[in-house]
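> dropping the sequence and predicted coords here.
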Amino acid sequence: MQNAKQQNATQQTNVVKKQSGGELASLIIQDADLGHDNITDRDVTLPRLKLLASTSPECQPGSSDYIDSARPLMFINSVTKTLYDGGQGLFVVPCYYKLTYKEWDMNNTSAGPVAEYPSDHPIKDQTTRQGSKDVLGNGNVLEANGEHYVLILDENMKVAEKAVVYMSKTQFKKSKQWNAMIMNMRRDINGQKVDLPRWSQVYKMSSIMERNKTYSWPGFVINHHGDVTADVYKIGKQFYETIKGGDVKVQSEEAEATASQNVANEKQPF
């Protein structure tokens, strides 16, 4: 037998279903897209597609960002909180790439990067190599970060979401390998050798646990899948032009700074 709360929830659900099938559905179709008049790309936060580690807040009970179904090696959309199985993987279309350098205060990583610099900034030549880190004169660490702006496709190979994938630390090498893969995509078209546009190809992104003699950490696996459809191609080109124009705001990295800093020190995958 349903209690009062359950009955109320059932009644509300039935009302929604009834309205959606009739008058409400007609009103929604009639007013589709209204109310977004002043919203531009600058007013919308572009989410990050993150690879979860055991140190990620989403995997830590007690964290304000904890998600019960989140597990290491999964991917998550940082805004919608959509989870993707890392073993099964997901299909993405790379549309734009840029290299940035981020300065970190190792005594306060939870505050996010101290500063961010473009790829041609002279600060990259002002570091000293100490172990696996590039250290500045003030003691802060400078990290190269590959930013891949992608379309996430659904099971029907249609655009489901837009996001940015950050690849730094142990995964920066993967970023360079992916770029090399993309740059080598050529095809003979009407007797002419053509370098394929970045957004013309689909790649499968999955995850594995990588290990050395001491540590283990989550890593990206990128494989070429095939051509996009004409519709996805058009959306990809538009996304490229939007990012290139600087009209997109990416979600802050502050909440994930500590997890990002600890990922290479994981000894256990879970």
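Yep, that arrived.
> can you give me the strands for the stretch 1-150 of the chain?
Applying DSSP state E, counting those that start in this stretch to the stretch 1-150 of the chain gives strands spanning 45-46, 49-51, 75-77, 83-84, 90-104, 115-118, 128-130, 133-135, 141-153.
> which other helices and strands does the longest one contact?
Meaning strand 90-104. strand 115-118, strand 141-153, helix 172-183, strand 201-211, helix 230-244 (3 or more C-beta pairs under 8 Å, 6 or more residues apart in numbering; DSSP states H and E). Heads up, the C-betas are built off the backbone N, CA and C, glycines and all.
> who touches the closest residue in space to residue 73 that isn't next to it in sequence in this structure?
In space, and not counting its chain neighbours, residue 73 is closest to residue 86: 4.0 Å by C-beta to C-beta, 6 or more residues apart in numbering. Neighbouring residues of residue 86 by C-beta atoms under 8 Å, 6 or more residues apart in numbering: 51, 52, 73, 74, 75, 206, 207, 208, 218.
> tell me the one among these nearest to residue 145.
residue 51 (14.0 Å; C-beta to C-beta).
> the residue nearest to that closest one when sequence neighbours are not counted: how many residues sit nearby?
Excluding the flanking residues, the one nearest residue 51 by C-beta to C-beta, 6+ apart is residue 218, at 5.1 Å. Counted by other C-beta atoms under 10 Å, the residues lying close to residue 218 total 24.
> and residue 218, which of the three is it?
Classification of residue 218 using DSSP: H, G, I helix; E, B strand; the rest coil returns strand.
> sorry, back to before: which one of the helices and strands packed on strand 90-104 lies nearest to residue 193?
The nearest among the helices and strands packed on strand 90-104, by C-beta to C-beta, is helix 172-183 at 13.7 Å.
> the closest one: which residues count as buried?
172, 174, 175, 178, 179, 182 (16 or more other C-beta atoms under 10 Å).
> and the residues you listed as CSV, adding distance to residue 243 and pLDDT?
Output for the buried residues of helix 172-183, formatted as CSV (distance: C-beta to C-beta, whole Å; pLDDT from 0 to 100):
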residue, distance to residue 243, pLDDT
172, 20, 94
174, 20, 96
175, 16, 97
178, 17, 97
179, 16, 97
182, 15, 97
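> which of those residues sits closest to residue 191?
Nearest member of these to residue 191, counting by C-beta to C-beta, is residue 182, at 23.5 Å.
> from residue 66, how far out is that closest one?
35 Å (C-beta to C-beta, to the nearest Å).
> so for residue 41, what's the pLDDT?
At residue 41, the model reports a pLDDT of 57.
> ok, now residue 75?
97.
> any idea how many residues pack against it?
24.
> spit out the contact partners of the residue nearest to it when sequence neighbours are not counted.
Counting by C-beta to C-beta, 6+ apart, residue 75 lies nearest to residue 84, which is 4.1 Å off, once chain neighbours are set aside. Counting by C-beta under 8 Å, 6+ apart, residue 84 touches 74, 75, 76, 90.
> quick one, what contacts the last one?
Going back to what we said before, that points to residue 90. 75, 84, 152, 153, 204, 205, 206.
> out of those residues, which is nearest to residue 239?
Among the contacts of residue 90, and counting by C-beta to C-beta, the member closest to residue 239 is residue 152, at 11.4 Å.
> separation between the closest one and residue 203?
Distance from residue 152 to residue 203, by C-beta to C-beta: 11 Å.
> what is in contact with the two at once?
91, 92.
> where does the stretch 51-200 of the chain have low pLDDT?
109-111 (pLDDT under 70).
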